[in-house]
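In: compute the structure for the input listed below.
(2 chains)
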Amino acid sequence: MAMSFAKKEEGVYTLDVTGYVCPHPQIYTKKALEKIQSGDTLEVVFDNPSSSESVSAMCDNNGNEIVEKISDGGKYTFKIVKG
Amino acid sequence: MEIIVPRRNVIWAYVIVGFFSLISVMTFAIHEYYIYLSAYLWFGFIYGMCLQYGRFCFASAFRDLFAVGVPRMVVGIMIATVLFAVTSALVAATGWSTFHAAPVSIHAAIAGLIFGVGMVFAGGCASGSLYKTGEGNGVSMLVILSISITQSLFVDWGGILNKFVPNSWHESALQKGLPDSINVGDGFIDQYLAGYVWDQPVVTYAQSLGMEDDTLAGAMLGNGLAGVLVPALLILVAVYFFWVRKNYARKLSKEKTTAIGIADHLRGFWGMVMASKRTSIAGLLLGIACGLQMFVIEGLRMKFGVKNAGTILVRLGHDYGISAKGTVFDPGYWYVTTQEAQWVGWMLQKLGMNNMDNIYFGWVNGIPSPAINPADWMSVALIGGAAVMALLHGEFKFKAPTMELALWAIIGGFLMGIGSRLALGCNIGAFFVRTANGDMSGWLFGLGMIGGAYIGVKFFNWYTERKMASEMAGFDL
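Out: Down below sits the predicted model:
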């Protein structure tokens, strides 16, 4: 499945990188966060377990807040509010 | 994050543990020699559990640092290396170490560079790809396949590759007195090994300081302190200074009105070390297990009166695929890539290829059946250990590779295969084990690997930027 970026509603975007392995999920997440506005929400969907640690650490470092983390059968959804 | 672990995952975890236990018990019932193979098996299982638990991947260490500014894996790997150095030094001081240092020259750095680019492209290093295979990752399975095939063909290749061999290597290789069956004058890797690598000095930090490797002072101060702890601390300080310090100071300045001083930075440094508990715990356990494996394997060699598993296999009646010296690959410690080359080499020979006329298979490592190859037992159990850990954390998921990722896996695996054979090891054999044992070639390979990771990240930044631009073209961002 190819990477997809979409606008869900005003100020809320989704980035689906399901099927991708490292480093794709964290690099795409970083680039998507760079593009959206401060206060916007990015919902990242991925299924590469090690990316969950990297994305969490990256958000913590850069002042972006992960407001929700869902793990379901090896699939992760992180809701990130850009700081 | 709440994780629901389905009951079937727990059942599968029991099945895997039961399978390996059954193999150990049943083979021991056949002959006590099989405990040698089981020792490899259970250490592999522990490595797999630790790697998956800590998401321990050497590829992500400098890649995530360069790509997204995340230092957790560099920290984890440095912790593991230092702890492995401590346990290695203790084992070395008893005289029970199975470690042999490798020749030191620029070849280690060049090989590390090729390997480093490959591991970023592939999405995982050699050991990382094994544990991710245990998570059900199809891309990692392809990476392993690509590393395995590349190595097994590369070590036997002559033909056009002979044209790249300098005459001095050719002449030097011919003077090494290898048997005619090896045909050392034909094949790139043969002439590279016998004509160049074997002529390079073998030096440890202890030896360079005038100490012996198997004394407590040499092992602890020479190899452990000077060879591992000091360089690892310098790397961690550099990582803190260039990647963590600014963000830490920014966060702290919101809570603190006075100026930020040295004590604050020391707390920040410690915070960086402790930031990822999982990675640090995995590093701690890996370091201890790696040292313990050397101790156990050497103990078993003494018990059975052997120096190499080849003798054990012959005594058990398995004489197929033994090298001309009567040996098989039996490092006595954690290793990844050679056993991957061996199983493909074994398959190719079964298909009619003569691949024992080279140093790698024919003179040193042999190509025993994977069913009785100690190092293959270790790798298969590593995958099993990772699968158990992934199942118990609800992280196991079969994922078929897409065409895009399959291509990266094959290219990355190819580069890692080439790098591994040029370095005589991968991120484990050529970096982790050698560095922790005070072998000077270890850090050289590591420096090359860091350079390779940087090049790989630069390329991926460009590649993903293009894809993001096309995906976001319709948005007003």
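In: what's the local residue count around residue A:80?
Out: Residue A:80: 26 surrounding residues under other C-beta atoms under 10 Å in any protein chain shown. All C-beta atoms are positioned from the backbone trio N, CA, C, and that covers glycine.
In: cool, and residue B:451?
Out: Here the number of neighbours of residue B:451 (other C-beta under 10 Å) works out to 17.
In: who are the contact partners of residue B:283?
Out: Counting by C-beta atoms under 8 Å, 6 or more residues apart in numbering or on different chains, residue B:283 makes contact with B:54, B:56, B:76, B:77, B:78, B:79, B:80, B:83.
In: quick one: it from chain A, how far?
Out: Separation of residue B:283 from chain A (C-beta to the nearest C-beta, to the nearest Å) stands at 14 Å.
In: over to residue B:137?
Out: Residue B:137 is 6 Å from chain A, by C-beta to the nearest C-beta.
In: correct me, but that residue touches residue B:396?
Out: No: with contact defined as C-beta atoms under 8 Å, residue B:137 does not reach residue B:396; the gap is 9.7 Å.
In: let me know the pLDDT of the closest residue to chain B within chain A.
Out: Per C-beta to the nearest C-beta, residue A:74 is where chain A lies closest to chain B, at 3.1 Å. The per-residue pLDDT reported for residue A:74 equals 79.
In: for residue 80, which three-state class applies?
Out: Here I'm looking at chain A. The three-state label given to residue A:80 by DSSP: H, G, I helix; E, B strand; the rest coil is strand.
In: so what's the closest residue to residue B:223 other than its chain neighbours up against?
Out: Leaving aside its chain neighbours, residue B:223 sits nearest to residue B:438 (2.5 Å; criterion: C-beta to C-beta, 6 or more residues apart in numbering or on different chains). Applying C-beta under 8 Å, 6+ apart to residue B:438 gives the contacts B:85, B:101, B:204, B:205, B:206, B:213, B:219, B:222, B:223, B:224, B:227, B:228.
In: get me the contact residues on chain A for chain B.
Out: A:1-5, A:7, A:19-24, A:26-28, A:30-32, A:35-37, A:47-50, A:53-54, A:57-58, A:61-63, A:69-75 (C-beta under 8 Å from any C-beta of the partner chain).
In: distance-wise, check residue B:230 relative to chain A.
Out: Distance from residue B:230 to chain A, counting by C-beta to the nearest C-beta: 26 Å.
In: hmm, back to that, and the residue of chain A closest to chain B, backbone torsions?
Out: The phi/psi pair for residue A:74 (degrees, to the nearest 10) reads phi 90, psi 0.
In: one more: residue A:8?
Out: Residue A:8 adopts backbone torsions of phi -90, psi -50, taken as degrees, to the nearest 10.
In: for chain A, what's its nearest residue on chain B.
Out: Closest to chain A within chain B is residue B:397: 3.1 Å, counting by C-beta to the nearest C-beta.
In: is it fair to say that residue lies in a strand?
Out: No: going by three-state DSSP, the assignment for residue B:397 is coil, not a strand.
In: from memory it sits against residue A:76, does it?
Out: No: look at residue B:397 against residue A:76 with C-beta under 8 Å: they stay out of range, at 10.5 Å.
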